[in-house]
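Take a look and give me a structure for this.
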Amino acid sequence: MNQYIGKVFLAVMLVLMAVPLAAHHGWSGNTAGEIELSGTVVSGVSLGGPHGTMQIEDADGQLWDITLAPGPRTHRSGLREGIIPVGAEVTVYGERNEVPEVFEAKVRRVVWEDQVFDVYPPR
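Numbers count the residues shown, from 1 in each chain. Coordinates of the predicted model:
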C-alpha cells in the first residue's frame, strides 16, 4: 500500500511541476509581426505578475495591453513601477498579438522621453 501511495504522490507532483511550464507561453500568440506603437500611459507599469504589464491608449483611442519581460528582468532594465507617470507619452516596440481583435503586444523596448528601457535586450 505504501508503494502505491508513493507512486500516486510522485505522479501528482510531476503533474503539478509541469503546469507552470505549460502555462508559460513565451512569444506564442504574439507573432503577427513587429509593431511600433505610440500612446498615452493609462495604467502604469506593474511588476506583480509573471510578466510586467502596462496599458496605453493609441491616437485612435484604442486601449492596448502591453506585456513586458518578467518583473525582475524589467526591473533590471531600469523600468520600475512609478517611473513613467500615467498620462505620459511612450513608444513601445515588440510583437503584436496574432488575433486582430486583441489589442495586446509583447514588447522588447519602451521609450519615454529620452529614456530607453530594453526589457529584452538584443543578444
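
Show the contacting residues for the one residue sitting closest to the centre of the chain.
Nearest to the geometric centre of the chain sits Thr67, at 2.5 Å (CA atoms, centre = their mean). By CB atoms under 8 Å, 6 or more residues apart in numbering, the contact set of Thr67 is 30, 51-53, 104-107. Every residue, glycine included, has its C-beta placed from N, CA and C.

quick one: which of the residues you listed is nearest to Pro72?
Gly52 (9.4 Å; CB to CB).

what helix or strand does His75 sit in?
helix 71-76 (DSSP states H and E).

Report the buried residues of that helix.
Residues of helix 71-76 classed as buried: 71, 73-75 (neighbour count, 16 or more other CB atoms under 10 Å).

which residues touch that helix?
Applying CB under 8 Å, 6+ apart, the external contacts of helix 71-76 come out as 45, 47-52, 68, 80, 117, 119-120.

Export the residues you listed to a markdown table and append columns for pLDDT.
Output for the contacts of helix 71-76, formatted as a markdown table (pLDDT from 0 to 100):
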| residue | pLDDT |
| --- | --- |
| Val45 | 97 |
| Leu47 | 95 |
| Gly48 | 90 |
| Gly49 | 88 |
| Pro50 | 92 |
| His51 | 93 |
| Gly52 | 96 |
| Leu68 | 96 |
| Arg80 | 96 |
| Phe117 | 98 |
| Val119 | 96 |
| Tyr120 | 92 |
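
Show me which of the residues you listed are buried.
Using 16+ other CB under 10 Å, the buried members of these are 45, 47, 51-52, 68, 117, 119-120.

Now intersect those residues with the strands, please.
45, 117 (DSSP state E).

For the chain, give me the ranges with low pLDDT.
Scanning the chain for pLDDT under 70 picks out 1-29, 31-32, 123.

all strands of it, in order?
Assigned strands in the chain, in chain order: 34-46, 53-57, 63-67, 89-96, 104-112, 115-118 (criterion: DSSP E).
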